[in-house]
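Asks: this is a predicted model, with the sequence first.
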Amino acid sequence: MAKVAREMVEKSGVNVDKLLELLVKNAAAELTTYYYYTILRCNLIGLKGEGVKEIAETARIEDRNHFEAIVPRIYELGGKLPDDMKEFHDMSACPPASLPADPTDVIEIIKVLVAAERCAVRGYTYICNLTAGKDHRTYDLSQAILNEEIEHESWFSEFLGEGPSGHFLRRGETSPFVSKFLK
């Protein structure tokens, strides 16, 4: 644990135990989303599904990267991940991105994907608001993840006809905002 890091965050007025709870729950959301997106991506088949598959894959890999980037911060602040995977799954900040009843309904799969991204956007916005000007490292990390989650939401919402987002799929690069935390 980085004792001075925790001390400075506490002195800035952030409730570190509450922050750790949020970070662990968001880490759980990222890892479980990675798992569920694997299942969703496998079911994106046919003419409609193939158009979404690459985007779902990028979001899936980036969610795994988000998990990998959050974990060190949890431990730096004196927290830890639960020993039990089921407990970890069940504490997720977001509900499971489960396959819809009809696994061939691409629109329903996209609705699951966009709902998961919207939950993530809300969660990281909250953490950013909590840490802004107080915990620079957690804020920077959360803001980087938030930027990617907003792009994910934009990609999927376009498939639902909610309007253009101005965002484009990344080619050959994943996690452009979070990659600095993975080195």
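Replies: Here it is on my side, so go on.
Asks: which helices and strands sit right next to the top helix by length along the chain?
Replies: What stands out as the longest helix in the chain, according to DSSP state H, is helix 46-76. Applying 3 or more CB pairs under 8 Å, 6 or more residues apart in numbering; DSSP states H and E, we find helix 46-76 packed against helix 16-42, helix 106-131, helix 136-159. The way it works is simple: take the backbone N, C-alpha and C, and place the C-beta from them, glycine included.
Asks: can you tell me the helix or strand for the closest residue to residue 108 other than its chain neighbours?
Replies: With CB to CB, 6 or more residues apart in numbering as the criterion, residue 108 has its nearest non-adjacent residue at 3.9 Å, and that residue is residue 100. Remark: residue 100 resides in no helix or strand, with elements defined by DSSP states H and E.
Asks: what comes into contact with stretch 103-110?
Replies: The contact list for stretch 103-110 (CB atoms under 8 Å, 6 or more residues apart in numbering) reads 40, 43-46, 48-49, 52, 99-102, 156, 159-160.
Asks: returning to that earlier point: okay, the helices and strands packed on helix 46-76 in a markdown table with mean pLDDT next?
Replies: Converted to a markdown table, the helices and strands packed on helix 46-76 look like this (pLDDT from 0 to 100):
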| stretch | mean pLDDT |
| --- | --- |
| helix 16-42 | 98 |
| helix 106-131 | 98 |
| helix 136-159 | 96 |
